[in-house]
Structure formats: C-alpha cells, structure tokens
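> Make a model of this:
(2 chains, ligands or ions: 1)
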Amino acid sequence: MPTHNDEVILCRCEGITLGQVRAAVQQLQPTSLRELKLVTRLGMGMCQGRVCRPIIQSVGQAMFQDRSETRLAYQIPTRPVSFGDFVKADDDYE
Amino acid sequence: MSSSPTVIIVGGGVIGASCAYYLSTCGIAVDLFEAGDIGGGTSSRCDGNILAIDKDPGFDSQLALQSQNLLADLAQALGPMEYRQPGSYLVCDNRDEIPMAQQWVAMQRSQGLDFSYLDYRAVHHALPDLAEDIPGGLYCASDATVNPLLYTHRLIEAARDQGARIHAHQGVQQILTTGGRVAGVRLESGETVLRDMVVVSTGIWAPRLLDPLGLSIPIRPRKGHLLVSARGPQFGGAKVMEFGYLMSKFGQERIAPSNLVEHGIALVYEPTMSHNFLLGSSREFVGEDTRPNPHVARLIAQRAIRFYPGMAHATLMRTYAGLRPFTPDHFPIVSRVHPMPGLFIAAGHEGDGIGLSAITGKLMSDLVLDRDPKVDMRLLQWDRFHKEDDDHAHP
Ligand SMILES: Cc1cc2nc3c(=O)[nH]c(=O)nc-3n(C[C@H](O)[C@H](O)[C@H](O)COP(=O)(O)OP(=O)(O)OC[C@H]3O[C@@H](n4cnc5c(N)ncnc54)[C@H](O)[C@@H]3O)c2cc1C
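Residues are numbered from 1 along each chain as shown, chains lettered A, B, ... in the order given. Now for the predicted structure:
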C-alpha cells in the first residue's frame, strides 16, 4: 500500500479508513476481499465501488491475492435509481 | 466416552459458527471446515431479524423465544454486532386480514408472549410513514435484529479464542466412516482428518454430504431477494412486515395480486445501523442461482411503495439474493443421526437461521455431550419427514 498512515480514507462514501480496515483484519481475520467488504462496508456505499475500485482492488491483491474486484459484479440496478423510477422501468432494460 | 469428544463441524455459516461457539464453550476440541468464506453462503445474503412475531404459538414460538434470550446474552458477551431490540410490526393490507391479526395476537398472548394489537390510530401513530389506508397491525416487543455476517464472525472469533480451529477455504469432500460409525472427513485437498464426531451444518448443501451415506433429508433452496437502499431517510427504526408474509411463509392461501403470490412476495422492511434500509422479500423454488431477477426485484419495490408511498423517492442502490435452506415442516433439523453414531445434523433453518442460531448451537452442545436438552427434540429429528409425511405438516 502506498502509505502506512491509518488515517487515510479508502472508501469515501462509507468513511472507511486504512486503520479501520487493519483493525477488522486483525480482530476478525477475514479470508477474502468479499468478507472484508462485508465486515467493514468498504466499497459498499453510494458509489458501489465505482470511485474506489482501484484502491479496493489493490487492498484485495495485497491482503488476499484476490483479484475479484477487477470483475464487475452482475448488478441491479446498474446505477443508483429512485425506487419509483425502478418500478416503472421494464424488465429487459437492465 | 470418558474424556470429551473431538468434533469436526462442516460449514461456517451462522449455524456452524454457533455450534463452534457453544461446543468450544464446553471445552470440546472443535475443527470447523468451511469451503469458502466464513459466512459466505446464505448467512451473508439475508436479513438479520431475530423474530418471534411470525412463529406459530407453541413449540415454534417457544424455541424462538429461547433463542432470543440466548442472543441477548451473546450480544453482551461477544464483540459489537449491531444488535438491537426495537420490536417488530406486522401490518395489514386490507380489512379482511384484521380478524386474523387479532386472533394471532390473542393466541400469542395466551402463550405469554409480549404481543399487542394496533388499531387504525395506533398503527399510524407508531408508523407515521404508512399509507393512509392501512387498517391496522400488531406489535411484538421481544423481537431484535443483528448484522448477520458480523454476528457470524463474532461467534467465530469467540470460538477461536476458546481454542476452536477454524479452517476457511477448506471444503469437505466426504464424511468417512468405519465399522458403521463416523471416523472423520476427507477434505477437497485429499487430506484426511480423523475425529470422534462430525456435525453437518452446510445449509442448503447438507444433502450433498449425506446422500453418499444413504441418508436422505428433504432440504431445498428457497430463493429470496433483498433490495438495499442508499443512505438517507429511514421509514422508522423497527422491522415492519405485512401480515400476508405469514401466509406466504407457511404456504397458506393469501388474498393478493397473483404476481405477488407467484413469487411469494410480501413486504419486509428492515432499517440497518448503516443508515439505510433493506426491502424484501420473495420465496421461490428456482434452483441454486443467486443472481437477482429484475422482475422479482421490481415487484418487491412496488409492494414496498404500496405500504410506504414515500419510498418512491428513496434511492435503490443494490439487489442481491440468497437461498434459504427449506424443510417441508419449516422446522430445522437439529439431530443425532441414529444409524450412524458420531454423526449430527444442524441444517434446514429456512428463513430463521439467524434467529434460531443460538438455540441451535446450544442444543448441539447438549446432543454432543449427551446432556438432556430442555426442548422436545423429536420435532427437530432428521428422520421425522419419513415417518408421518402429512400429520407433521405445518398448520
Ligand atoms: C433473503 C433472505 C432473508 C433472510 N432473512 C432472515 C432473517 O431476517 N432472520 C433469520 O433468522 N434468517 C433469515 N434468513 C435465513 C438465514 O439466512 C438462513 O437460515 C441461515 O443463514 C442459514 O445458515 P446456515 O449456516 O445453515 O447456512 P449457510 O450460511 O449457507 O452456511 C453453510 C456453509 O456451508 C459451506 N459448505 C457447503 N458445503 C460444504 C462442504 N462440503 N465443506 C465445507 N463447507 C461447506 C458453505 O460454503 C456455507 O458457507 C434469510 C434468508 C434469505 C435468503
């Protein structure tokens, strides 16, 4: 990782710092990037990883040799949308 | 057995984690093998509700209540897991459901559960965002909620502190037997691990390990969707479901639009501590595919807006789906397997695995240590389905 400062923010939407990620790794010993994301909410906020993907990708590679973040997960909706508009859209538009 | 037995737990979802916790608390040497991530199966694709509100009065509700009490203790004993106890609501879609709701409250109260009926004024006072035409509802005060994945990890963390060995990303290929009893397991890697006992807690995948031993259990995956909102205003701090959810859960006839009934859709609203909310739910037998179906997701959103018109303006961020380990009578299997000494099953918790996890782990420690569990274990026995197919069906 480029810096060892615990204050560095990795995920702006959820306000997750490198320090928080390190603490979670130490306490809960996640074994993959998906587990780490689920216990810290890293990359789980409004941007859904669109902004922070490169950072998360490097965390995944450095900690778990996990490259899964380079793949785009199958997502509904493709971007955040109001529930009202989502209901109106038709099924094949995704 | 003179000294305490050595035990392998297969599966690191919430059920395997709870078994690992309670067994290691009793000083039993535990090895837990999980094929993927800890909690990576259904236990990370679900809500975190710990409910009595939707349980049949009697055995069902008493089991839920015991588990709620154990979970409240765990919330004190383990690290933070977003546990809280705001109670929960069932709301009625139409006047026809009102007498049934009143009856439900009366039955629960007669069993000593803390339920109350809410008339039009009371329900709108408690839940001000509800659509104006909702005629009434009910409230259960003992209901709680937790972050299910965090909770699973806290159980694992505590089990590890008590000496349990946790092996993630090490799948079990086969249960090994010798002379008609359990000998251990063979891992995917080919390695053999020998122990006195094996607990199968692999959720929807349990039949796959048991079939080769000639043991058949009727667990099937019942898919459910969840919609995740962005951070923003919540629609109340407690869980809210529609009364029709009860009927959808028990497969009873329900008066609702046919496309809702087809996919088992009923409103489930769950606020989280991350300042957003989750919406469910659906119940379908459509195989093991966990990719969300956009059509079902839309129907869930539509149903939510019917109860909460203001939700039309909230933001949908993500959708996912999980597979509930369904059994025909809606009770889990928590059992010794008599024909195969040393073998135990803890699986089939359908939509209640988080809520029933604590009592399941506790009961498993009783079974393993041959202590007398304070619950009628016959109703949870693995072979009950063969015996009386119809008599046991849920009312
Ligand atoms: C949409 C939805 C909402 C829900 N909401 C709630 C709720 O609000 N409250 C509630 O109480 N419950 C809820 N549930 C139900 C709950 O999620 C499940 O009952 C519970 O997670 C089941 O836990 P489990 O440990 O049995 O299964 P899982 O979590 O699936 O764990 C089984 C584990 O076994 C592993 N495994 C499989 N085969 C092997 C092998 N051969 N070797 C090693 N490991 C193996 C898998 O990788 C998996 O991790 C919900 C479910 C869904 C789908």
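> Might you report the residue contacts of B:Pro128?
B:Pro128 makes contact with B:Gly236, according to C-beta atoms under 8 Å, 6 or more residues apart in numbering or on different chains. (C-beta placed from N, C-alpha, C; glycine too.)
> now the helices: where do they sit in the stretch 101-250 of chain B?
Here the stretch 101-250 of chain B has its helices, by DSSP state H, counting those that start in this stretch, at B:120-126, B:148-161, B:206-210, B:244-249.
> Any chance of the backbone angles for the nearest residue to B:Pro233 once chain neighbours are set aside?
Of all residues not flanking B:Pro233 in the chain, B:Ala314 sits nearest, at 7.0 Å (C-beta to C-beta, 6 or more residues apart in numbering or on different chains). The phi and psi torsions at B:Ala314 (degrees, to the nearest 10) take the values phi -80, psi 160.
> So which of the helices of the stretch 101-250 of chain B is the most surrounded?
helix B:148-161 (a mean of 24; mean count of other C-beta atoms under 10 Å in any protein chain shown).
> Point out the other helices and strands that that helix packs with.
Under the contact definition 3 or more C-beta pairs under 8 Å, 6 or more residues apart in numbering or on different chains; DSSP states H and E, helix B:148-161 sits against helix A:18-28, helix A:33-40, helix B:14-25, strand B:29-33, helix B:59-77, strand B:165-167, helix B:357-368.
> between these, which one is nearest to the ligand?
Closest to the ligand of those is helix B:14-25 (C-beta to the nearest ligand atom; 3.5 Å).
> Of all the residues in chain A, which one is nearest chain B?
Here the residue of chain A nearest chain B is A:Gly84; by C-beta to the nearest C-beta that distance is 3.2 Å.
> helix or strand for that residue, which one?
Assigned by DSSP states H and E, A:Gly84 belongs to helix A:83-88.
> Where does pLDDT dip in chain A?
The model of chain A has pLDDT under 70 over residues A:1-4, A:67-74, A:91-94.
> need the helices and strands packed on helix B:148-161 in CSV with distance to the ligand and mean neighbour count, can you?
CSV is the format used below for the helices and strands packed on helix B:148-161 (distance: least, C-beta to the nearest ligand atom, whole Å; neighbours: other C-beta atoms under 10 Å in any protein chain shown):
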stretch, distance to the ligand, mean neighbour count
helix A:18-28, 16, 16
helix A:33-40, 11, 23
helix B:14-25, 3, 30
strand B:29-33, 5, 23
helix B:59-77, 9, 18
strand B:165-167, 9, 18
helix B:357-368, 7, 25
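> any chance of those in CSV, plus distance to B:Pro148?
Below are the helices and strands packed on helix B:148-161 laid out as CSV (distance: least, C-beta to C-beta, whole Å):
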stretch, distance to B:Pro148
helix A:18-28, 14
helix A:33-40, 10
helix B:14-25, 6
strand B:29-33, 17
helix B:59-77, 11
strand B:165-167, 18
helix B:357-368, 9
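> What parts of chain A come near chain B?
A:14, A:27-32, A:34-35, A:38-39, A:41, A:44-46, A:48, A:74-77, A:80-84, A:86-87, A:89, A:91, A:94 (C-beta under 8 Å from any C-beta of the partner chain).
> repeat that with 6 Å
Counting by C-beta under 6 Å from any C-beta of the partner chain, the residues of chain A close to chain B are A:28, A:31-32, A:34-35, A:38-39, A:46, A:74, A:76-77, A:80-84, A:86-87, A:91, A:94.
> are any of the residues you listed buried, and which?
Among those, those classed as buried by neighbour count (16 or more other C-beta atoms under 10 Å in any protein chain shown) are A:28, A:31-32, A:34-35, A:38-39, A:46, A:76-77, A:80-84, A:86-87, A:94.
> so where is the stretch 151-300 of chain B shaky, pLDDT-wise?
For the stretch 151-300 of chain B, the stretches with pLDDT under 70 are B:248-252.
> what does it put close to the ligand?
When proximity is defined by C-beta under 6 Å from any ligand atom, the stretch 151-300 of chain B lies next to the ligand at B:Gly171, B:Val172, B:Ser201, B:Thr202, B:Gly203, B:Trp205, B:Leu209, B:Gly224, B:Leu226, B:Gly280, B:Ser281.
> I'd like to know how many residues surround the second one.
Which is B:Val172. B:Val172 is flanked by 24 other residues according to other C-beta atoms under 10 Å in any protein chain shown.
> Quick check, it in contact with B:Phe33.
Yes - taking contacts as C-beta atoms under 6 Å, B:Val172 lies within contact range of B:Phe33: 5.2 Å.
> ok, A:Gly15 - how many residues close by?
Neighbour count for A:Gly15, taken as other C-beta under 10 Å: 11.
> Can you tell me the closest non-neighbouring residue to the residue positioned nearest the centre of chain A?
Of all residues in chain A, the one closest to the mean position by C-alpha atoms, centre = their mean is A:Gly43, 2.1 Å from it. Once flanking residues are discounted, A:Gly43 sits nearest to A:Gly49: 4.2 Å by C-beta to C-beta, 6+ apart.
> does that neighbour count as helix, strand or coil?
When classified by DSSP: H, G, I helix; E, B strand; the rest coil, A:Gly49 comes out as coil.
> so it touches A:Lys37, yeah?
No - in this structure, A:Gly49 is not within contact of A:Lys37 by C-beta under 6 Å, at 8.7 Å.
> Not counting stretch B:144-156 itself, show me its contacts.
Contact partners of stretch B:144-156, identified using C-beta atoms under 6 Å, 6 or more residues apart in numbering or on different chains, comprise A:28, A:38-39, B:14, B:17-18, B:21, B:38-39, B:43-44, B:46, B:48-50, B:78-79, B:81-83, B:85, B:166, B:354.
> now B:Ser335, what's its secondary structure?
strand.
> looking at it, it is touching B:Arg384, isn't it?
No - if you go by C-beta under 6 Å, B:Ser335 and B:Arg384 don't touch, sitting 8.6 Å apart.
> what is in contact with these two at once?
With C-beta under 6 Å, 6+ apart as the test, B:Ser335 and B:Arg384 reach no residue in common.
> Between those two, point out the one with more neighbours.
Remark: of B:Ser335 and B:Arg384, B:Ser335 carries more neighbours, 23 against 19, as counted by other C-beta under 10 Å.
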